[in-house]
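Enquirer: give me a 3D structure for the following:
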Amino acid sequence: MLIGHGRFPYRPWTRRARYEWPGGAKLAVYLGVNLECFHFGEGLGAELCPGGPQPDVLNYAWREYGNRVGGFRLVQLLDELALPCTVLLNSAMYDHAPDLVAAHRARGDEMAGHGRTNSERQSVLDEAAERALIAEATGAMRAAEGTAPRGWLSPWIAESRATPDLLAEAGYRYTLNWCHDDQPCWMATKGGRLLAIPYPQEANDIPSIVGRKDGAQQFADIVLGDFEERLRQIAADGVPQVMGIALHPYLVGQPYRLRALRRALAAIAAERDRVWITTAGGVFDHCLTLPEECIP
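Expert: Numbering: from 1, shown residues only. Take a look at the predicted model:
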């Protein structure tokens, strides 16, 4: 027999309820902006080119560009297009790059947990250490924002078998770790239900630009093509969807990539009369208003 996870049942796309997002929309779109920092000379980190011995100054400095420059340019773009976002926040950013966090706070953006730093994976920790990581990150956000985050994305999407249980135990209401669907679904945990909201691994600049080495125009085409095809699908079958777009300032904050991204996001913003542009937390809130049978 196949070994499973036991968190949610299989439910095919052809057996989904028809419902609507606010304003009668069938497509909900949110931006996940990853604000991340890294230890110097140790730990994990995306690479522009193969790294050498530590300290790997080239790749560290390339990533740090997002916190010093690229992140602020991305905020300007979001302001130009009046687009909200969900900030996926390493809690160490409060000390490392507080001005960038403050720029998003001033916009009223949602703050979601994203571990302490992106130099570590929580999946390699024992349960006590993972619980402590979640508690430390959550506590820092509660102290800075005045309220605890409701959503979580693990650094590197790394989960242990206990992660959903630990998130529910810590008070989290939704997770972005699972990319298995185009709709939110409820996950079973020891501490009650946890909503899995779709987080993209295709319309995501890390797998695209770092993993597949896609160019700036290619990534913009991926985002826009994903959006346009979803509009076609919902017109054909009427089944509501969630589209996430995952962005990292050290990637899309580079001027030539930002220029290409502007084209894609402007096209999405122009359709706000027929799509619901929201945050991950907005998706969660609306799901609470839906009949039980609407959420697979």
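
Enquirer: how about residue 195, secondary structure?
Expert: Secondary structure, DSSP: H, G, I helix; E, B strand; the rest coil: residue 195 is strand.

Enquirer: compute the number of surrounding residues for it.
Expert: By other C-beta atoms under 10 Å, the residues close to residue 195 number 21. Bear in mind the C-beta positions are built from the backbone N, C-alpha and C, glycine included.

Enquirer: any idea how far residue 35 is from the closest residue to it other than its chain neighbours?
Expert: Distances taken as C-beta to C-beta, 6 or more residues apart in numbering put residue 174 closest to residue 195, at 4.1 Å, once the chain neighbours are dropped. Counting by C-beta to C-beta, to the nearest Å, the gap from residue 174 to residue 35 is 19 Å.

Enquirer: with only the CA atoms kept, save the helix or strand residue 223 falls within in CSV.
Expert: Element membership for residue 223, per DSSP states H and E: helix 216-237. Output in CSV follows, covering the C-alpha atoms of helix 216-237 (Å, rounded to 0.1, in the frame of the first residue of the first chain):
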residue,chain,number,x,y,z
ALA,A,216,13.8,38.2,-17.2
GLN,A,217,11.4,38.1,-20.1
GLN,A,218,10.8,34.4,-19.7
PHE,A,219,9.8,34.8,-16.0
ALA,A,220,7.5,37.7,-16.9
ASP,A,221,6.0,35.5,-19.6
ILE,A,222,5.5,32.7,-17.1
VAL,A,223,3.6,35.0,-14.7
LEU,A,224,1.4,36.5,-17.5
GLY,A,225,0.8,33.1,-19.2
ASP,A,226,-0.2,31.5,-16.0
PHE,A,227,-2.7,34.4,-15.4
GLU,A,228,-4.1,34.4,-18.9
GLU,A,229,-4.6,30.6,-18.9
ARG,A,230,-6.3,30.7,-15.6
LEU,A,231,-8.8,33.3,-16.9
ARG,A,232,-9.5,31.0,-19.8
GLN,A,233,-10.0,28.0,-17.5
ILE,A,234,-12.4,29.7,-15.1
ALA,A,235,-14.5,31.0,-18.0
ALA,A,236,-14.7,27.4,-19.3
ASP,A,237,-15.5,25.5,-16.1
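
Enquirer: what comes up buried for the next helix or strand after that helix?
Expert: Once the chain leaves helix 216-237, the next helix or strand it forms, by DSSP H and E, is strand 241-247. Neighbour-count burial for strand 241-247, counted by 16 or more other C-beta atoms under 10 Å, picks out 241-247.

Enquirer: can you name every helix or strand that the helix holding residue 223 contacts?
Expert: strand 27-35, strand 241-247, helix 255-269 (3 or more C-beta pairs under 8 Å, 6 or more residues apart in numbering; DSSP states H and E).

Enquirer: residue 166 is nearest to which of the ones you listed?
Expert: Nearest to residue 166 among those is strand 27-35 (21.1 Å), distances taken as C-beta to C-beta.

Enquirer: picking that back up, export the helices and strands packed on helix 216-237 to TSV and tack on distance to residue 138?
Expert: Below are the helices and strands packed on helix 216-237 laid out as TSV (distance: least, C-beta to C-beta, whole Å):
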stretch	distance to residue 138
strand 27-35	16
strand 241-247	21
helix 255-269	30
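
Enquirer: and of the ones you listed, who's closest to residue 121?
Expert: Once the helices and strands packed on helix 216-237 are compared by C-beta to C-beta, strand 27-35 is nearest, at 15.1 Å.

Enquirer: who are the packing partners of that closest one?
Expert: Secondary elements touching strand 27-35 (3+ C-beta pairs under 8 Å, 6+ apart): helix 71-81, strand 86-89, helix 98-107, helix 216-237, strand 241-247, helix 249-252, strand 276-278, helix 280-287.

Enquirer: can you list the buried residues in stretch 77-94?
Expert: Across stretch 77-94, burial judged by 16+ other C-beta under 10 Å covers 77-78, 83-94.
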